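Asker: Below is the structure, and that's it, no one-letter string:
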Ligand SMILES: NC(=O)c1ccc[n+]([C@@H]2O[C@H](COP(=O)([O-])OP(=O)(O)OC[C@H]3O[C@@H](n4cnc5c(N)ncnc54)[C@H](OP(=O)(O)O)[C@@H]3O)[C@@H](O)[C@H]2O)c1
């Protein structure tokens, strides 16, 4: 299979790509900036010597001309992994931040998926669209409401898209990944984004410190469980729609859905 992953400089996207390449698939890791492209290409040179079919190019998902790069590439599976995270109190969040969070995680992700689906229809090809949401899209976290809302939106949009596609074709599958907390550095950066915020109502500094500690404690340092689920969703031809990991956080989520929703 030929798989394209967005925001795959490091973390979950990179590790998933590497695993798929090791399984013999052709993988395109796309990254946010030109500098990241250069750095990653240097790293990939070593992997190519191991006969892995893995390449990289810059795809800023906010940029329409970058998004168009995915047409006519004969991609079998698009993994929408790129994301940003903003955090603040909903009472005081700067709407620019909230809009930017939606611009990347939702609007740009959906636009890229539209371009990919149109390409599949135009070339009469089968394909798969995978959305990386989050357990935080199911269990919204206070002071992470902006990020939580984007991930909740992705759940709704992916679910609608899947139902719509089923009416017209069996050739495009949609899968939804809901990872729990993993210590990739992403959450630290989400908390860092709150740093300059000033609150009239909350002691944001101490809240951030406590949340950071909690996330570090709950978070999994090992990405294998979520990478395994994403790889499974890429290769799986069954009707299964939602894939979650790690196990302990999935149990908490199910408990929450049963009793608090
Ligand atoms: N880590 C967790 O606990 C966790 C939990 C649930 C879900 N997730 C989701 O899993 C996915 C991967 O996260 P991760 O933890 O592996 O962190 P990560 O490595 O930081 O992944 C996010 C990537 O998206 C990139 N990105 C941001 N804006 C972009 C844009 N406009 N165009 C292209 N790429 C862009 C980032 O690049 P820059 O560094 O340049 O911004 C970064 O490489 C994300 O969707 C995240 O929401 C993570």
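Answerer: Here it is on my side, so go on. Quick caveat: nothing in here was measured; it's all calculated off a predicted structure. Residues are numbered from 1 along each chain as shown.
Asker: got the contact list for the lowest-mean-pLDDT helix or strand in the chain?
Answerer: One helix or strand of the chain scores below all others by mean pLDDT, DSSP states H and E: helix 186-192, with a mean of 85. Residues from elsewhere that reach helix 186-192 (C-beta atoms under 8 Å, 6 or more residues apart in numbering): 11, 83, 85-87, 144, 147, 181, 208, 211-212, 215, 219. Heads up, the C-betas are built off the backbone N, CA and C, glycines and all.
Asker: ok, that helix near the ligand or not?
Answerer: Yes - applying C-beta under 6 Å from any ligand atom, one finds helix 186-192 in contact with the ligand at 186-187.
Asker: Do a quick rundown of the helices in the stretch 51-200 of the chain.
Answerer: 64-67, 95-102, 109-122, 145-168, 186-192 (DSSP state H, counting those that start in this stretch).
Asker: From the contact counts, what lies against the shortest one?
Answerer: Think helix 64-67. Counting contacts by 3 or more C-beta pairs under 8 Å, 6 or more residues apart in numbering; DSSP states H and E, helix 64-67 packs against helix 109-122.
Asker: show me where pLDDT drops low in this structure?
Answerer: For the chain, the stretches flagged by pLDDT under 70 are 193-196.
Asker: In space, what's closest to the residue located most distally from the centre of it - neighbours in sequence excluded?
Answerer: Distance from the C-alpha centroid of the chain peaks at residue 200, with 32.8 Å (C-alpha atoms, centre = their mean). Distances taken as C-beta to C-beta, 6 or more residues apart in numbering put residue 92 closest to residue 200, at 7.0 Å, once the chain neighbours are dropped.
Asker: Can you give me every residue that contacts the one you found?
Answerer: By C-beta under 8 Å, 6+ apart, residue 92 lies in contact with 197, 199-201.
Asker: Residue nearest the middle of this protein, spatially speaking?
Answerer: Centroid-nearest residue in the chain: residue 81, 2.8 Å away (criterion: C-alpha atoms, centre = their mean).
Asker: Isn't it up against residue 132?
Answerer: Yes - contact criterion C-beta atoms under 8 Å: residue 81 and residue 132 qualify, at 4.8 Å.
Asker: Contact residues of this protein facing the ligand?
Answerer: Checking the chain against the ligand by C-beta under 6 Å from any ligand atom, the hits are 6-7, 9-13, 32-33, 60-62, 81-84, 104, 132, 134, 179, 181-182, 184, 186-187.
Asker: follow-up on the earlier one: out of the helices of the stretch 51-200 of the chain, flag the one nearest residue 38.
Answerer: Closest to residue 38 of the helices of the stretch 51-200 of the chain is helix 64-67 (C-beta to C-beta; 15.9 Å).
Asker: follow-up on the earlier one: can I get the buried part of the contacts of helix 186-192 as one PyMOL selection?
Answerer: Selecting the buried subset of the contacts of helix 186-192 in PyMOL, with 16 or more other C-beta atoms under 10 Å as the burial test, is done by:
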select buried, resi 11+83+85+86+87+144+147+181+208+211+212+215+219
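Asker: For residue 78, the count of nearby residues, please.
Answerer: 26 (other C-beta atoms under 10 Å).
Asker: Find the nearest non-adjacent residue to it, please.
Answerer: Using C-beta to C-beta, 6+ apart, the closest residue to residue 78 is residue 116 (4.7 Å).
Asker: show me what contacts the one you found?
Answerer: Applying C-beta under 8 Å, 6+ apart to residue 116 gives the contacts 70, 75, 78, 127, 129.
Asker: which residues in the stretch 151-261 of the chain form strands?
Answerer: In the stretch 151-261 of the chain, the strands defined using DSSP state E, counting those that start in this stretch lie at 172-179, 242-245.
Asker: Mind listing the strands the last one pairs with, and their directions?
Answerer: Okay, so that is strand 242-245. According to DSSP bridges, strand 242-245 forms sheet pairs with strand 172-179 (parallel).
Asker: Could you give the separation of the strand it pairs with from the chain centroid?
Answerer: Put simply, strand 172-179 sits 10 Å off its chain's centre (C-alpha atoms, centre = their mean, to the nearest Å).
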